[in-house]
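> no sequence on this one, just coordinates:
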Ligand SMILES: CC(C)(COP(=O)(O)OP(=O)(O)OC[C@H]1O[C@@H](n2cnc3c(N)ncnc32)[C@H](O)[C@@H]1OP(=O)(O)O)[C@@H](O)C(=O)NCCC(=O)NCCSC(=O)c1cc(O)c2ccccc2c1O
């Protein structure tokens with residue numbers, strides 16, 4: 001919002017949001033703001049934004065786009081319209097071998113790789129949820145780093161009702177969020193929970209009026225954009241390191257490498273190799 005008094009600087013968190021669309025996608029849209037927010041929207045409102053393989057392939061491509069874009073610091077994942085964030089796998093293309101991509105006879109679960117990609121992506125991903133986050137759509141928001149929900153949001157798992165289950169992050173991350181007993185309740189009873197209940201159980205970060213969902217989510221994004229991107233990257237990796245085992249440690253370790261490469265000590269090793277001389281590491285302290 002423009003300040004009425006030109007002497008008073010505009011709070012960047014209050015700047016109006018102008019989205020620019022890019023890419024050519026069938027099931028999603030990809031938009032960015034000039035100040036570094038990317039928004040990925042599932043555009044299948046006729047099925048409450050259920051995903052088919054193509055949808056997940058496109059989300060994955062858009063995440064790569066957002067990751068590679070050095071201007072982007074935070075990513076919003078959402079669904080088109082106000083009735084649903086996402087209702088999970090499109091049951092119309094669920095085959096006997098997994099979800100079927102067009103023109104393929106053998107199915108698979110594209111979410112397996114997508115969940116890993118979201119977890120390893122070194123920028124915060126924020127789920128912006130209006131309406132249903134159900135089944136695999138619920139797991140998607142669980143895998144996001146933060147969730148802002150509209151007051152009409154409804155959360156729940158339906159797997160055991162429809163002959164499915166997600167024992168991956170849909171179980172482990174969920175129980176980290178809400179505790180083991182509550183996570184088991186969510187899966188064993190397949191109830192739906194409203195936004196307030198979800199907030200109370202630690203499943204989401206905030207509930208806002210539906211009409212303010214995007215402005216509030218953008219405000220959260222801008223607060224993150226004002227912070228050190230590398231510190232956020234390391235915090236995301238740190239939160240996942242233990243649960244992700246060696247691969248979690250790998251992420252943190254390689255992030256440390258990124259920092260180490262900038263140090264005179266690492267540079268001495270590189271320069272000595274290139275100059276075909278012995279490296280002089282004696283100049284560096286053996287730090288306590
Ligand atoms: C979400 C609902 C509770 C909403 O109910 P409501 O009564 O408001 O709306 P309708 O039921 O009338 O829905 C409107 C319209 O959308 C269609 N639709 C909704 N969800 C889906 C869906 N997931 N797939 C296909 N179509 C859907 C619905 O049929 C209506 O169409 P019309 O033509 O009749 O108008 C309720 O809709 C609901 O319960 N939906 C089903 C939720 C569901 O079963 N989701 C799948 C769960 S399993 C899953 O997601 C999953 C995916 C994976 O990739 C996995 C991978 C690995 C392991 C496990 C996985 C997994 O479990």
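Cool, the structure landed. Bear in mind that the values here come from a model prediction, so they are computed numbers and not experimental data. Numbers count the residues shown, from 1 in each chain.

> Residue 77: what's it in contact with?
Listed by CB atoms under 8 Å, 6 or more residues apart in numbering, the contact set of residue 77 reads 40, 59, 125, 126, 127, 128, 140, 141, 144. C-beta: built from backbone N, CA, C; applies to glycine.

> So which of the residues you listed is the closest to residue 251?
Distance to residue 251 across the contacts of residue 77 (CB to CB) is lowest for residue 125, with 15.1 Å.

> Give me the number of neighbouring residues for the closest one.
24 (other CB atoms under 10 Å).

> Identify the residues contacting it.
Applying CB under 8 Å, 6+ apart, we find residue 125 in contact with 63, 74, 75, 76, 77, 118, 143, 144, 145, 146.

> Confirm for me that the last one is in contact with residue 216.
Pointing back at residue 146 there. No: look at residue 146 against residue 216 with CB atoms under 8 Å: they stay out of range, at 11.7 Å.

> Where do the helices of the chain begin and end?
Residue ranges of the helices in the chain, as given by DSSP state H, are 53-68, 111-120, 136-143, 159-162, 169-178, 180-189, 195-200, 213-225, 229-241, 245-260, 264-274.

> Burial check on residue 148, number of neighbours?
With other CB under 10 Å as criterion, residue 148 counts 29.

> Not counting residues beside it along the chain, what's closest to it?
residue 217 (4.7 Å; CB to CB, 6 or more residues apart in numbering).

> Burial-wise, tell me which of the helices of the chain comes out on top.
Among the helices of the chain, helix 136-143 has the highest mean neighbour count (mean count of other CB atoms under 10 Å), at a mean of 27.

> Can you list the helices and strands that that helix packs against?
strand 74-79, strand 84-86, helix 111-120, strand 125-129, strand 154-156, helix 169-178 (3 or more CB pairs under 8 Å, 6 or more residues apart in numbering; DSSP states H and E).

> so which of these gets nearest the ligand?
Ranking those by proximity to the ligand (CB to the nearest ligand atom) places helix 111-120 first, at 4.1 Å.

> Any idea how far the closest one is from the middle of the chain?
Chain-centre distance of helix 111-120: 9 Å, with CA atoms, centre = their mean, to the nearest Å.

> now residue 227: how far from the ligand?
Relative to the ligand, residue 227 is positioned 33 Å away (CB to the nearest ligand atom, to the nearest Å).
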